[in-house]
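Colleague: The sequence and its predicted three-dimensional model are supplied below.
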Amino acid sequence: MPDPIIKTCSYILAHAPNFVRYGSKPMREIADDPDAVLPSIESHLRTFQEAVAYAPNQVYIGNLHPDRLNDMEQPWYGHPLEGASRCGPYGESMPEDELLALMKLADDFDLVWLDKETAPILSGALRSNPLWKDSDLKKVDAGMERGRIDERIQHHGSLPLYRDGRVVGCVHRHHEQDDTLKAHVLMENLLAKTSGALALTHLLNNAKLRPDEIDFILNCSEEAVGDRYNRGGGGLAKAIGEMCGCAHATGCDIKAFCVGPLYAILHAAALVKAGLFQRVAVVGGGSMAKLGMKFKGHVSKGMPILEDVLGGLAFLVTGNDGESPIIRLDSIGRHDIGSGSSQQSIMESLVLKPLDKLGKKVTEVDKYATELQNPEVTVPAGSGNVPLTNYRMIGALGVLRKELKREEIDRFVMDHGMPGFSPTQGHIPAAVPFLGHAIDAIRKGEMENAMFIARGSLFLGRMTQLSDGLSFLLEKNPGKA
Amino acid sequence: MLKGKKVIIFGDRDGVPAPAIEKCVTAAGAEVVFAATECFV
């Protein structure tokens, strides 16, 4: 049987400025010094239009090719794109009013209350979205008395939801003593479900598939959904699928820190190749924990807080259609347990070993997609330019193999790499934001192949000192098998 | 320079991770009392 293909993909951003305060770093800093930190955060938040017109966000939803960023003057936030659209070929940027309404739609346990005055405004906003206009929004419309919302916030551990500087609702806890079901965790999980469902809805729309035509869903979101006896137990794949009407699908969650999306695609490809399932959707929702992660660096430099969006993505893996790019299953790069942890040994495992198997030189891969964190987010906070470092490492390995000259590294980086453009949402930047652009370019004959490389920081869970990583080559379809 | 010294190591996932530093300083005769890699993105 021929190798599986990635037929289409979707990418979404959900603008969530009023959730930045609930990101892990902002929340800890606010707790330390609420009077100083919260006003500082609020005064550095972007409007929806500013987030839409931000060039890296336009690249993410497919309106610009990543290479176009090389020609744009930085800072990109200081040069908004005129006439930028919230919609793109791969998905959309969703404003916060629609996100709040969609969050309520995702809520199966009455965890979210919206006040009676605001609820109709939010549901009206969601009704204006073509993908949700026919949804049953009665649950959103209902609303709750403001007094009951205040009482829950003051006495029962509920967390307020904000809009235009005032409280418009809250998220409840679902157990008084269970830390995994407290309001903050449930808010985080609900936002992953909501943004994941938005990504899957766009995937179905892009693929022109009915929801019941998907037969397996793999969720690669990072959130640990579960209860006190099953922390991180899972279930988000089916929760997202249920919300999108995928009644004939089953599925499960894949966990591997930031490299989760690549493992999920690998599993999807294996299920299709084995003939167990025909249409497998890989979906990842956004991570509230990472909102405002670098806000201190941004605020100290007078920048807007750029980590104000949740990212989402989805991919459709199927059997060969004779047209779409194939996942070369003989190209899988693995970071084995016994592999070394240095950057060089990781890249040797993920890049050179697969190339050797395929009989290719470093320069025979048209584009490398490494982790694609937007450097404008990371550099001001002292975290460096991650994609650039990775591209230089790949170029240096090419020099060691005498496949390019040392003085050609900068040209190699420009031709075979790309500027980072992804929101720093953990698993979201994991190489796969380039998949949509790669599928398009390979279909058009502008590229033959692209390699996707991501790494995971297993050591963060303090169970091992190991890193992790995975890679695969996406290649032009040789034609009908 | 490191012989007989106690060393605390903080590695960077995107720079030099802790196990790589640990190998170097151990080879130089130091005793590693704590080593952890962090992720800054």
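Modeller: Done, it's in.
Colleague: And chain B, is stretch A:19-35 touching that?
Modeller: No. Shown here: stretch A:19-35 not in contact with chain B (Cβ under 8 Å from any Cβ of the partner chain), separated by at least 11.7 Å. Backbone N, C-alpha and C define where each C-beta goes, glycine included.
Colleague: which residues sit against that stretch?
Modeller: A:37-38, A:41, A:45, A:159, A:162, A:184, A:187-188, A:191, A:288-296, A:305, A:307-308, A:310 (Cβ atoms under 8 Å, 6 or more residues apart in numbering or on different chains).
Colleague: For chain B, tell me which of those show up nearby.
Modeller: Within those, nothing lies near chain B by Cβ under 8 Å from any Cβ.
Colleague: The residues you listed in helices, which ones?
Modeller: A:37-38, A:41, A:184, A:187-188, A:191, A:295-296 (DSSP state H).
Colleague: which of the residues you listed has the most neighbours?
Modeller: residue A:191 (29 neighbours; other Cβ atoms under 10 Å in any protein chain shown).
Colleague: which parts of chain B sit against chain A?
Modeller: B:13-20, B:35-41.
Colleague: Give me the buried entries from these.
Modeller: B:13-14, B:16-20, B:35, B:37, B:39-41 (16 or more other Cβ atoms under 10 Å in any protein chain shown).
Colleague: possible to save the ones in helices among the contacts of stretch A:19-35 as a markdown table with pLDDT?
Modeller: Below are these laid out as a markdown table (pLDDT from 0 to 100):
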| residue | pLDDT |
| --- | --- |
| A:37 | 98 |
| A:38 | 98 |
| A:41 | 98 |
| A:184 | 98 |
| A:187 | 98 |
| A:188 | 98 |
| A:191 | 98 |
| A:295 | 98 |
| A:296 | 97 |
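Colleague: which residues touch stretch A:382-402?
Modeller: A:294, A:297, A:343-344, A:347-348, A:351-352, A:361-363, A:368, A:370-373, A:375, A:378-379, A:404-406, A:408-409, A:412-413, A:416-420, A:453, B:14-15, B:40-41.
Colleague: quick one: the strands in the stretch 201-350 of chain A?
Modeller: A:216-219, A:250-253, A:279-284, A:309-318, A:326-334 (DSSP state E, counting those that start in this stretch).
Colleague: and residue A:448, which of those is closest to it?
Modeller: Taking Cβ to Cβ, strand A:326-334 is the member of the strands of the stretch 201-350 of chain A nearest to residue A:448, at 11.6 Å.
Colleague: Which secondary structure elements does the closest one sit against?
Modeller: If contacts are counted by 3 or more Cβ pairs under 8 Å, 6 or more residues apart in numbering or on different chains; DSSP states H and E, strand A:326-334 sits against strand A:5-15, helix A:260-273, helix A:353-358, strand A:468-475.
Colleague: Please identify the deepest-packed of the ones you listed.
Modeller: Mean neighbour counts were taken over the helices and strands packed on strand A:326-334 using mean count of other Cβ atoms under 10 Å in any protein chain shown, and the top value, a mean of 26, falls to strand A:5-15.
Colleague: quick one: average pLDDT of it?
Modeller: Mean pLDDT, strand A:5-15: 98.
Colleague: okay, it in PDB with CA atoms only?
Modeller: Taking Å, rounded to 0.1, in the frame of the first residue of the first chain, the C-alpha atoms of strand A:5-15 are listed here in PDB:
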ATOM      1  CA  ILE A   5      -1.100  11.700   2.300                       C
ATOM      2  CA  ILE A   6      -1.900  14.900   4.200                       C
ATOM      3  CA  LYS A   7      -4.900  16.000   2.200                       C
ATOM      4  CA  THR A   8      -5.500  19.400   3.800                       C
ATOM      5  CA  CYS A   9      -5.100  21.300   6.900                       C
ATOM      6  CA  SER A  10      -6.500  24.200   8.900                       C
ATOM      7  CA  TYR A  11      -5.000  26.900  11.200                       C
ATOM      8  CA  ILE A  12      -6.900  29.200  13.500                       C
ATOM      9  CA  LEU A  13      -6.100  32.000  15.900                       C
ATOM     10  CA  ALA A  14      -8.400  33.100  18.700                       C
ATOM     11  CA  HIS A  15      -7.800  36.500  20.000                       C
END
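Colleague: Report the inter-axis angle for it versus strand A:468-475.
Modeller: For strand A:5-15 against strand A:468-475, the angle by axes from the mean of the first three to the mean of the last three Cα atoms, to 10 degrees is 120 degrees.
Colleague: how about the residues of the stretch 351-481 of chain A near chain B?
Modeller: A:371, A:373, A:378, A:381-384, A:386, A:389, A:424, A:429, A:455, A:457, A:459-460, A:465, A:467.
Colleague: Now restrict those residues to buried residues only.
Modeller: A:371, A:373, A:378, A:381, A:383-384, A:386, A:424, A:429, A:455, A:457, A:459, A:465, A:467.
Colleague: The residues you listed: which two are farthest apart?
Modeller: Most distant of those, by Cβ to Cβ, are A:381 and A:465, 24.7 Å apart.
Colleague: Would you confirm that residue A:308 contacts residue A:15?
Modeller: Yes. With contact defined as Cβ atoms under 8 Å, residue A:308 reaches residue A:15; the gap is 6.4 Å.
Colleague: so what sits against both of the two?
Modeller: residue A:51.
Colleague: returning to that earlier point: and the furthest pair within the buried ones among the residues of chain B next to chain A?
Modeller: B:35 and B:41 (20.3 Å).
Colleague: taking the residues of the stretch 351-481 of chain A next to chain B one by one, which sit in strands?
Modeller: residue A:455 (DSSP state E).
Colleague: Looking at the residues of the stretch 351-481 of chain A next to chain B, which are in helices?
Modeller: Those of these lying in helices (DSSP H): A:378, A:386, A:389.
Colleague: Make CSV out of the residues you listed and add pLDDT and distance to residue A:170.
Modeller: Formatted as CSV, these follow (pLDDT from 0 to 100; distance: Cβ to Cβ, whole Å):
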residue, pLDDT, distance to residue A:170
A:378, 97, 33
A:386, 95, 37
A:389, 93, 42
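Colleague: Measure how far stretch A:23-40 is from the centre of its chain, please.
Modeller: Put simply, stretch A:23-40 sits 25 Å off its chain's centre (Cα atoms, centre = their mean, to the nearest Å).
Colleague: now the end-to-end length of that stretch.
Modeller: 15 Å (Cα to Cα, to the nearest Å).
Colleague: Name the residues of that stretch that are buried.
Modeller: Neighbour-count burial for stretch A:23-40 [16+ other Cβ under 10 Å]: A:23-27, A:29-30, A:37, A:40.
Colleague: Most widely separated two among these?
Modeller: A:24 and A:40 (17.1 Å).
Colleague: how close does the spatially most central residue of chain A get to residue A:419?
Modeller: Ranked by distance to the mean C-alpha position of chain A (Cα atoms, centre = their mean), the top residue is residue A:428 at 2.9 Å. Distance of residue A:428 to residue A:419, computed by Cβ to Cβ, to the nearest Å: 16 Å.
Colleague: Likewise for residue B:2?
Modeller: 39 Å.
Colleague: of these two, who's got more company?
Modeller: Between residue B:2 and residue A:419, counted using other Cβ under 10 Å, the more crowded position is residue A:419 (24 against 14).
Colleague: any idea how far that one lies from residue A:159?
Modeller: 36 Å.
Colleague: domain parsing for chain A?
Modeller: A:5-318, A:326-475 (automatic domain parsing).
Colleague: and the last one, how far out from the chain's middle?
Modeller: The reference is to domain A:326-475. That offset, for domain A:326-475, works out to 17 Å (Cα atoms, centre = their mean).
Colleague: Equivalent analysis for stretch A:57-66, please.
Modeller: Distance, centroid of stretch A:57-66 to centroid of chain: 14 Å (Cα atoms, centre = their mean).
Colleague: swap in stretch A:270-282?
Modeller: With Cα atoms, centre = their mean, you get 22 Å for stretch A:270-282.
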